[in-house]
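Chemist: Got a sequence here, can you model it:
(2 chains)
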Amino acid sequence: MNDDILLRVEGVEKSYPGVRALKGITTFIRKGEVRALIGENGAGKSTLIKCIMGVETLSKGKIEINVDGRWCAPRNAIDAKRLGMYANYQHVNIAKDLSIAENYYLGRWVKNRCGVIDWNLMNRQSQQVIDKFQLHVDAKAKIRDLPVALQAMVTISKISVNEKIRLVVFDEPTALLENDKVEILFRFIRELKQQGIAVIYISHRLEEIIDICDTVTVLKDGAYVETRPVCDVDKEYLISKMVGRPMEDIYRISHYPAGAGLMRAEGISVPNQFENMSFALHAGEILGFFGLVGAGRSEVMRAIFGVTRITKGQVCIKGKPVKIRSPKDAMKRGIGFLTEDRRLDGLALEQTMRINVNMNSYDMISKWGIISLARENQRAEEHRKRIRIVTPSTQQLVSRLSGGNQQKVVIAKLLCRQPDILIFDEPTVGVDVGAKEEIFQIIQNLTRQGKGVILISSYLPEVMGLSDRLVVMAEGRVVDTIGKERLERMTEEDVLRIASMTGQSKLSTGVAS
Amino acid sequence: MPKNPSFWRRITARRETLTRYLSLVTTVLLMVVFGLIRSSFLGPRNIVNILKDLSPVMVMACGEAFVLLLGSIDLSIGAIASCSAVLLTVLLPVMGPWAYAVVLGYGVLTGLLNGFLHTRLGVPSFIATLSTQAIWQSCAYLISGGQPLTMLPPVWPYVNWGKIIFLEAVPLLFLVALAVLVAYAFINRLTAVGRVVTATGANERAAWLMGCNVRRSKMLAFLCSGLGAAIGGILFAIKLKSGIPTVGTQYTMLAIAAAVLGGVSMTGGKGAIALTLLGAMLITVIQNGMNVIGVNGLWQQIIFGSLLLAAIYLNSDKSHKGLIVK
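Modeler: The predicted model follows:
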């Protein structure tokens, strides 16, 4: 019985400063089992995977893999690979300037008799793998030149090149794939299963899970909910376990009547990211954006903010067509952008809270080009009180603050410039419930002041609960724009269905206004 | 090695504070030691010497600190200083005090060139400045003919201000250097461009996404570095009353060491320009002290190399970024 088990996850806990990401997860995975892992964003799926793959160290508990009867715990990522554990992460994670064959054999080059790397052999073998996955490309093709879907397939097929595989993790493997490619992936997974390899499969697309997996584990808020055989469950049941809790009060904020038009996008496109996007934002309104991974929500906002260049279409602000070439331009036009990844894109972590808050608005507190330290401090203190940033002093390093407070620092920084249009991209990622509620309050106050808020979230209760209107995106296009009344009648499942384009919902590229 | 793992964590946690006071404490300690060995070390005459020696290093170090704050590095400052010293010596007889303006202008241009190569052409800063270093070094040799040039009596009136000493202990040269330090610290702390330099070093992407003019700040940092090097070269020339084409060579490393000892992080985004004073002081005291007690000068580079490594070790942040130089 015990021989049958491949992976033991026992009492795993993981905490980051300010956040408990995993709260005691215990589960066992058998050889040849395909285990689905589902949960909302922030439920801890990715963290658990990182722990299993040795990328993150555990705070508590243990993870062990059965290596021919011996139980081994991977100490780090290299160790995990040595033990036969492979992962296909959510984002394409390969060397883009190398060829497919070079990527397949990266780090384990095959040498010929003279001790020289045998490219002919490797190219030949790579071609066999490529043919097996029906990718119809040359093994020597550079990854960069391939479309994203093919790049994703290369990372998937790369796993099959390895020997002695024991466990494979797929994190949202189908987010970027078309239907025929998904079929190929499933064939690969069944093949792995026959070889007695265990598979962990993460996906938001529940039909897929019911189709390919044997068992399914539900996580919620970093805690283990349950594990069940797939034959016992259906989509509705899974959704109820995953997202079906009653909408909590935190989403109940006051809404204000929409005022004049603030911003309008007319058929804007960025090649390979999104096409023909049209929507409008009014004063006092919260416009939600929802879509599955890879739907292109953040990409649209980045383009509007001048991070990437819009190639087609037009953005109008307060009725006037504008060309935004850089974030600086965007800010001058009164747009504020809360980026998705605050650590990477939003904060100078090793600087004080005071400096971070003021960083983008020195011109507003300077005279003759000289910054007034008094006003700088006063402003930091003001925001610290107004939006309740919990910190011993404004001189505290931002890296020492909790996730929620870090997020509030970024928001304070945005507010310093007093923008009319605020784009919040995943404002509550890695933020605990209390801070979430406070962030929603801030959003409410902004709309009361007549500002327009665009809210991007992968978390359905949040985006459904807060939005006045909801734009649903899939594959770089607007699939539907749902008004408040219709939104109130819809369940999360309805929206998910629209977003995954599996339902009968009428496809409309309609202009929202 | 102590078994208790928290011991090391405590040390690493304190590392920041440790480096901040390390230079100051070590400087004082060394002054006492050197003073005990040779009482003349602490005499007013030697204090003047130390302050004079300190001036060029300090100026070069605060320019370098600007670039380090960016997370970049400027390896050309030594060559720029040498070239400036030679230029000044050559130009003083021809154009009198205007020579100073020309050399300062030259410093600005060298800095802008480095900045241009780095920001517009996208050459990594250490490659860009390594190349310009070679160019300016060669220029210094060519202009001087490979020989140290001496300032002749006719130009002495233009350089004699270097001999002025206040209160029998504070040379004017040092006050000039101090003024540069204060100006640089002011730019870094109290102007938007200067603040953006630090912000860029801390998180370039975030700074850009916030609408900061990252490129302008990078240009400013390299400009300050070039100008600092040129002023350093001028101070060398005045102090020695000659233009030696190799005078700045070893000071690239010493300036980096001084900035790092003053708490500037090699990965950028952390540190204060004013504190380079402490780092420069430590270096000068070691240099001067070893001369006074008669240590073979050939040993000095070993000491300084080790000192730089130690300073960078204490200052480096091993938890986040794997990069040393961007």
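
Chemist: Where do the helices of the stretch 101-250 of chain B begin and end?
Modeler: With DSSP state H, counting those that start in this stretch as the criterion, the stretch 101-250 of chain B has helices at B:125-144, B:156-159, B:172-190, B:192-209, B:214-240.

Chemist: Could you do the stretch 301-450 of chain A as well?
Modeler: Ranges of helices in the stretch 301-450 of chain A, per DSSP H, counting those that start in this stretch, are A:327-332, A:353-358, A:373-386, A:403-416, A:433-448.

Chemist: what number of residues lie near residue 232?
Modeler: You didn't pick a chain, so chain A it is. By other Cβ atoms under 10 Å in any protein chain shown, the residues close to residue A:232 number 9. Bear in mind the C-beta positions are built from the backbone N, C-alpha and C, glycine included.

Chemist: if you could check chain B rather than the one you did, that'd help
Modeler: Neighbours of residue B:232 (other Cβ under 10 Å): 34.

Chemist: OK, contacts around it?
Modeler: B:56, B:57, B:59, B:60, B:63, B:77, B:81, B:84, B:248, B:251 (Cβ atoms under 8 Å, 6 or more residues apart in numbering or on different chains).

Chemist: again, only using 7 Å
Modeler: Contact analysis of residue B:232 by Cβ atoms under 7 Å, 6 or more residues apart in numbering or on different chains lists B:56, B:59, B:60, B:81, B:248, B:251.

Chemist: What distance do you get for it to residue B:180?
Modeler: Applying Cβ to Cβ, to the nearest Å, the value for residue B:232 to residue B:180 is 9 Å.

Chemist: overlap in contacts of the two?
Modeler: Common neighbours of residue B:232 and residue B:180 (Cβ under 7 Å, 6+ apart) are residue B:59.

Chemist: what helices or strands is the strand or helix carrying residue A:86 leaning on?
Modeler: Using DSSP states H and E, residue A:86 sits in strand A:85-88. The contact analysis (3 or more Cβ pairs under 7 Å, 6 or more residues apart in numbering or on different chains; DSSP states H and E) places strand A:85-88 against helix A:148-160, strand A:167-171.

Chemist: Following it in sequence, what is the next regular element?
Modeler: Sequence order places helix A:100-104 as the next helix or strand after strand A:85-88, per DSSP H and E.

Chemist: got a list of contacts for that following helix?
Modeler: Applying Cβ under 7 Å, 6+ apart, the set of residues contacting helix A:100-104 is A:94-95, A:122-123, A:126, A:129-130, A:137, A:139-141, A:143, A:154, A:158, A:161.

Chemist: Cross-check those residues against chain B and keep the overlap.
Modeler: For chain B, no contacts are drawn from the contacts of helix A:100-104 by Cβ under 7 Å from any Cβ of the partner chain.

Chemist: Going through the residues you listed, which ones are buried?
Modeler: Using 16 or more other Cβ atoms under 10 Å in any protein chain shown as the burial test, these include A:94, A:122-123, A:126, A:129-130, A:137, A:139, A:141, A:143, A:154, A:158, A:161 as buried.

Chemist: Make JSON lines from those and add pLDDT to it.
Modeler: Below are these laid out as JSON lines (pLDDT from 0 to 100):
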{"residue": "A:94", "pLDDT": "80"}
{"residue": "A:122", "pLDDT": "87"}
{"residue": "A:123", "pLDDT": "89"}
{"residue": "A:126", "pLDDT": "90"}
{"residue": "A:129", "pLDDT": "89"}
{"residue": "A:130", "pLDDT": "90"}
{"residue": "A:137", "pLDDT": "88"}
{"residue": "A:139", "pLDDT": "88"}
{"residue": "A:141", "pLDDT": "88"}
{"residue": "A:143", "pLDDT": "86"}
{"residue": "A:154", "pLDDT": "88"}
{"residue": "A:158", "pLDDT": "87"}
{"residue": "A:161", "pLDDT": "83"}
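
Chemist: Which of the contacts of residue B:232 ranks first by neighbour count?
Modeler: residue B:60 (36 neighbours).

Chemist: Pop out the phi and psi values for that one.
Modeler: phi -60, psi -40 (degrees, to the nearest 10).

Chemist: Ok, residue B:39 next?
Modeler: Dihedral angles of residue B:39 (phi, psi; degrees, to the nearest 10) stand at phi -60, psi -20.

Chemist: can you give me how far stretch B:222-235 is from the chain middle?
Modeler: Stretch B:222-235 sits 9 Å away from the centroid of its parent chain (Cα atoms, centre = their mean, to the nearest Å).

Chemist: who's in contact with stretch A:149-164?
Modeler: A:84, A:86, A:88, A:92-94, A:100, A:103-104, A:129, A:133, A:135, A:137, A:143, A:168, A:173, A:176-178, A:181, A:185, A:188.

Chemist: got the buried residues for it?
Modeler: A:149-161.

Chemist: Make CSV out of these and add distance to residue A:20.
Modeler: Listed next are the buried residues of stretch A:149-164 as CSV, based on distance: Cβ to Cβ, whole Å:
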residue, distance to residue A:20
A:149, 36
A:150, 39
A:151, 35
A:152, 32
A:153, 36
A:154, 36
A:155, 31
A:156, 32
A:157, 37
A:158, 34
A:159, 31
A:160, 36
A:161, 38
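
Chemist: Tell me who's in contact with residue A:291.
Modeler: By Cβ under 7 Å, 6+ apart, residue A:291 lies in contact with A:297, A:472, A:473, A:474, A:499.

Chemist: Which segments of chain A make up each domain?
Modeler: If you go by automatic domain parsing, the domain ranges for chain A are A:2-242, A:259-334+A:420-428+A:448-513.

Chemist: quick one: the shortest one to chain centroid distance?
Modeler: Think domain A:259-334+A:420-428+A:448-513. Computed by Cα atoms, centre = their mean, the chain-centroid distance of domain A:259-334+A:420-428+A:448-513 equals 17 Å.

Chemist: pretty sure residue A:357 is touching residue A:411, no?
Modeler: No. Shown here, residue A:357 and residue A:411 do not form a contact pair, counting by Cβ atoms under 7 Å, at 9.6 Å.

Chemist: pLDDT weak spots in the stretch 1-150 of chain A?
Modeler: Scanning the stretch 1-150 of chain A for pLDDT under 70 picks out A:1-2, A:17-19, A:41-42, A:90-92.

Chemist: Residue A:265 against residue A:274, yeah?
Modeler: No. Residue A:265 lies out of contact with residue A:274 (Cβ under 7 Å); the separation is 10.3 Å.

Chemist: Tell me the secondary structure at the residue lying closest to residue A:221 once chain neighbours are set aside.
Modeler: For residue A:221, ignoring the flanking residues on the chain, the nearest one in space by Cβ to Cβ, 6 or more residues apart in numbering or on different chains is residue A:43 at 6.3 Å. Per DSSP: H, G, I helix; E, B strand; the rest coil, the secondary structure class of residue A:43 is coil.

Chemist: how near is residue A:43 to residue A:219?
Modeler: Residue A:43 is 4 Å from residue A:219, by Cβ to Cβ.

Chemist: Please say which of these two ends up with more neighbours.
Modeler: A count of neighbours by other Cβ under 10 Å puts residue A:219 above the other of residue A:43 and residue A:219, at 26 against 23.

Chemist: Quick one: name whatever helix or strand follows the helix or strand hosting that one.
Modeler: Taking DSSP H and E as the criterion, residue A:219 maps to strand A:215-220. For strand A:215-220, the following helix or strand on the C-terminal side (DSSP H and E) is strand A:223-229.

Chemist: Now do that next one: everything it contacts.
Modeler: Under Cβ under 7 Å, 6+ apart, the answer for strand A:223-229 is A:23, A:25, A:26, A:27, A:214, A:215, A:216, A:217, A:218, A:219, A:241.

Chemist: all strands for the stretch 151-300 of chain A, in order.
Modeler: Taking DSSP state E, counting those that start in this stretch as the test, the strands found in the stretch 151-300 of chain A are A:167-171, A:198-202, A:215-220, A:223-229, A:261-270, A:274-282, A:286-291.

Chemist: hey, which of those is tucked in deepest?
Modeler: Scoring those by mean neighbour count under mean count of other Cβ atoms under 10 Å in any protein chain shown gives strand A:286-291 as the most buried, with a mean of 26.

Chemist: how close does residue A:224 sit to residue A:48?
Modeler: To residue A:48, residue A:224 is 9 Å away according to Cβ to Cβ.
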